[in-house]
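> Quick check, what structure comes out for this input:
(2 chains)
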Amino acid sequence: MKYESQSIAKPYFIAAIGLFVGQILFGVIMGLQYVIGDFLFPEIPFNVARMVHTNLLIVWLLFGFMGSAYFLVPEESERELYAPWLAKLMFWIFLVAGALTILGYLLVPYATLAEITMNDLLPTMGREFLEQPTITKIGIVIVALAFIFNIGMTILTGRKTVISLVLLTGLVGLAVFFLFSFYNPHNLVLDKYFWWFVVHLWVEGVWELIMASLLAYVLIKVTGVDREVIEKWLYIIIAMALISGIIGTGHHFFWIGAPGYWQWLGSIFSALEPIPFFIMTLFAFNVVNKRRRDHPNKAATLWALGTAVMAFLGAGVWGFLHTLAPVNFYTHGTQVTAAHGHMAFYGAYVMVVLTMISYSMPIMRGQKAANARAQVMEMWSFWLMTVSMVFITLFLTGAGILQVYLQRYSDEPLSFMATQDKIEIFYWMREGAGLIFLIGLIVYIISFFVKGEEVVLLEDRVKS
Amino acid sequence: MRETFTKGMARNIYYGGSVFFFLVFIGLTVDTVKRIPQTDNRENLTEEVIAGKRLWENNNCIGCHTLLGEGAYFAPELGNVYTRFGESTEAIKGFIMSRPADGIPGRRSMPQFNFSDQELEEIAQFLKYADGIKIARDWPPNIQG
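Prediction:
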């Protein structure tokens, strides 16, 4: 570790992994509720489990992004973090606020939570993914501003690299677009239209900048490929991400009462959205093939390659599958959407955070890379989680296609609940795959504690 | 690619492309906001409907249901429930009212929210208003949602 203040990332990553475990536990609960409808009812109804599942995901990814930035930025800027104390303070504020919010979901009915947090003063609750009480949302804004100030001052007073500036752009965008979560008009069409300014412009916009810059950073480190080459790739990727993704927001405006031209704009531009992910895959394999050193951290390289491939499959391929308006007419709001959501979030954002953790954690623990046994274990967890996520996605896609046929396409459409009964087998298989994912996550955590001989440094062994 | 396509060119495409398409997006958004009064059923956005939307939000209905296809996929689409229930707000109220507090053994069941008569009317009116929004191609494909 070049700079002392990089180690602030460590608590952020530990918290991220802890919340990740919570997310998956609730995922397994929900998966069971899909087939055993009264499981934990009425104590933890499905909507509560889902809220915990999705909100924990968002919070732990934010922890992951922040930790990644705190590790990456001092090194890129060639100086210590501007205000380490602020980063430590914000960690505790964010952790406590996050924990209280989740406990609030679990311990009191949602309507009571809305009441005690005085939602009526500025009603923002009860919209998908933005279920947090208004006070929590204000807390998120404060933490984000303090974080961006800290990171921004470090970058602006130090060496400015393309990677750190792209990361900063993504983080500022994240904070700016979150502000739309405070706009909740009575008019349902307007409400839905601007809700996507948070959700879409995050995950199909500025988060891609964050993701691409983190990936580029790790690839520079593990391959030793010239920065100039990597930066060019980075610019191409994020250019395509924004050129396709901004107007691509239109694929959410098909069926919410927005003008008809969105069917064309949304279809055409979102059909281009796989391109940046495909370039990312080319990029990752290209630079790993052209590596100028064999970094001892094989696990981090595996995660980096895996991120590129799975993001392309989950966000790119599974997104394209149902993005054209004539197809989406049938698939909108079915299990096809759920299938895409799972693999896209895992492939793009979960895996890029795990890539950063894999690269940086050993360094923060005083090694260049984890010992060989620990790395093998980590790679096992990579395959367990990744393969089971592929199967979760395939089973949900199967469920979704059948759902579309039975409920929306056939000559004698069945009701929603009758359809759900017919596709139960897919939900059972998904639950099985979900349990394998949980096992993979446990293996992942164990890998941090596996002892073994320290890896021998093979410093910058130039490939012939 | 190395010789002819430089980093500077890639950077210019990034800046130029994202600024251009962001401005286009803002323009389209202004146009959309101007046009949606034709479809968004705002003439029926009464005080009762507004109260119903607040109830919809404060009870996290979106955590199980979809509304115009957005939300969770655990329970039926409600953007057309008014039509599906025979254009009867009474039928909607009756369904919500009759949910057993302890659920149904082995099955999915909506929680019992213990709404007052006034609240039931508000939520039903909100769902009726949502059903009145004019959607492209009359989505969903059929009455089952």
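> So A:Ile238 sits against A:Leu165, correct?
No. If you go by CB atoms under 8 Å, A:Ile238 and A:Leu165 don't touch, sitting 10.8 Å apart. (Glycine included, C-beta is placed from N, CA and C.)
> Tell me how many other residues crowd B:Thr4.
By the measure other CB atoms under 10 Å in any protein chain shown, the count of residues near B:Thr4 is 6.
> How about the secondary structure of it?
Three-state assignment for B:Thr4 (DSSP: H, G, I helix; E, B strand; the rest coil): coil.
> quick one on the thing from earlier: tell me which of A:Ile238 and A:Leu165 has more neighbours.
The neighbour comparison of A:Ile238 against A:Leu165 (other CB under 10 Å) goes to A:Ile238, with 32 against 15.
> Distance check, that one against chain B.
6 Å (CB to the nearest CB, to the nearest Å).
> Could you say which helix or strand holds that residue?
Secondary structure assignment for A:Ile238, by DSSP states H and E: helix A:227-248.
> Which element is encountered next along the chain beyond that helix?
Counting by DSSP H and E, the element after helix A:227-248 in chain order, helix or strand, is helix A:261-271.
> tell me which strands and helices that following helix is in contact with?
Helices and strands touching helix A:261-271, as assessed by 3 or more CB pairs under 8 Å, 6 or more residues apart in numbering or on different chains; DSSP states H and E, comprise helix A:227-248, helix A:318-321, helix A:325-331.
> in chain B, which ranges drop under the pLDDT threshold?
Within chain B, the stretches with pLDDT under 70 are B:1-3.
> Check the stretch 351-464 of chain A too.
A:456-464.
> Can you name the residue of it nearest chain B?
A:Phe416 (4.0 Å; CB to the nearest CB).
> correct me, but that residue touches B:Glu77?
Yes. Counting by CB under 8 Å, A:Phe416 touches B:Glu77, with 6.9 Å between them.
> These two: who's more crowded?
B:Glu77 (24 against 20).
> before we move on, what SS does the more buried one have?
Following three-state DSSP, we place B:Glu77 in the coil state.
> Which residue lies closest in space to it, excluding its sequence neighbours?
With sequence-adjacent residues excluded and distances taken as CB to CB, 6 or more residues apart in numbering or on different chains, B:Glu77 is closest to B:Gly145, at 3.0 Å.
> Hmm, B:Pro76 and that neighbour touching each other?
Yes. Contact criterion CB under 8 Å: B:Gly145 and B:Pro76 qualify, at 5.6 Å.
> joint contacts of those two?
A:416, B:66 (CB atoms under 8 Å, 6 or more residues apart in numbering or on different chains).
> wait, isn't B:Ile63 in contact with B:Ala75?
Just so we're on the same page, residue B:63 is Gly rather than Ile. No. Using CB under 8 Å, B:Gly63 is not in contact with B:Ala75; the gap is 9.2 Å.
> Mutual contacts of these two, please.
A:Phe46.
> So for those two, which residue has more residues nearby?
B:Gly63 (23 against 20).
> ok, the more buried one - contacts?
For B:Gly63, the contact set (CB under 8 Å, 6+ apart) comprises A:46-48, A:50-51, A:110, A:128, A:131, B:71-72.
> buried set for the helix ranked longest in chain B?
Ranked by residue count and defined by DSSP state H, the top helix of chain B is helix B:7-35. Neighbour-count burial for helix B:7-35, counted by 16 or more other CB atoms under 10 Å in any protein chain shown, picks out B:7, B:10-11, B:13-14, B:17-18, B:21, B:25, B:28-29, B:32.
> now stretch A:421-438
A:422-423, A:426-427, A:429-431, A:433-434, A:436-438.
> got the contact list for the residue nearest to A:Met429 when sequence neighbours are not counted?
Leaving aside its sequence neighbours, A:Met429 sits nearest to A:Phe395 (CB to CB, 6+ apart; 4.6 Å). Taking CB under 8 Å, 6+ apart, we find A:Phe395 in contact with A:426-427, A:429-430, A:433.
> likewise B:Tyr73?
A:333-335, A:337-338, B:66.
> Does it belong to a helix, a strand or coil?
B:Tyr73 - assigned by three-state DSSP - is coil.
> ok, A:Ile102 to chain B distance?
Where chain B is concerned, A:Ile102 sits at a distance of 14 Å (CB to the nearest CB).
> doesn't that residue fall inside a strand?
No. Using three-state DSSP, the assignment for A:Ile102 is helix, not a strand.
> What are the neighbouring residues in contact with it?
Counted by CB under 8 Å, 6+ apart, A:Ile102 has contacts A:22, A:52, A:55-56.
> close enough to count as contact, A:His340 and A:Gly316?
No. Under the criterion of CB under 8 Å, A:His340 is not in contact with A:Gly316, lying 10.2 Å apart.
> re earlier: now the residue of the stretch 351-464 of chain A closest to chain B. Nearest residue, chain neighbours left out?
Closest residue to A:Phe416 apart from its sequence neighbours, by CB to CB, 6+ apart: B:Pro76 at 4.0 Å.
> how close does the most centrally placed residue in chain A sit to chain B?
When chain A is reduced to its mean C-alpha position, the closest residue under CA atoms, centre = their mean turns out to be A:Tyr349, at 3.0 Å. A:Tyr349 sits 20 Å away from chain B, going by CB to the nearest CB.
> Now do the SS call for that residue.
Classification of A:Tyr349 by three-state DSSP places it in helix.
> which element is the closest residue to it other than its chain neighbours on?
Leaving aside its chain neighbours, A:Tyr349 sits nearest to A:Leu61 (5.2 Å; criterion: CB to CB, 6+ apart). Element membership of A:Leu61 [criterion: DSSP H and E] is helix A:46-77.
> And that helix, what does it pack against?
Against helix A:46-77 (3+ CB pairs under 8 Å, 6+ apart) you get helix A:9-35, helix A:84-107, helix A:110-116, helix A:134-156, helix A:162-178, helix A:207-223, helix A:351-364.
> How many neighbouring residues does the nearest residue to A:His340 once chain neighbours are set aside have?
Nearest residue to A:His340, sequence neighbours excluded (CB to CB, 6+ apart): A:Trp318, at 4.2 Å. Neighbours of A:Trp318 under the rule other CB under 10 Å: 24.
> so who does A:Trp318 touch?
A:339-340, A:343-344, A:393, A:397.
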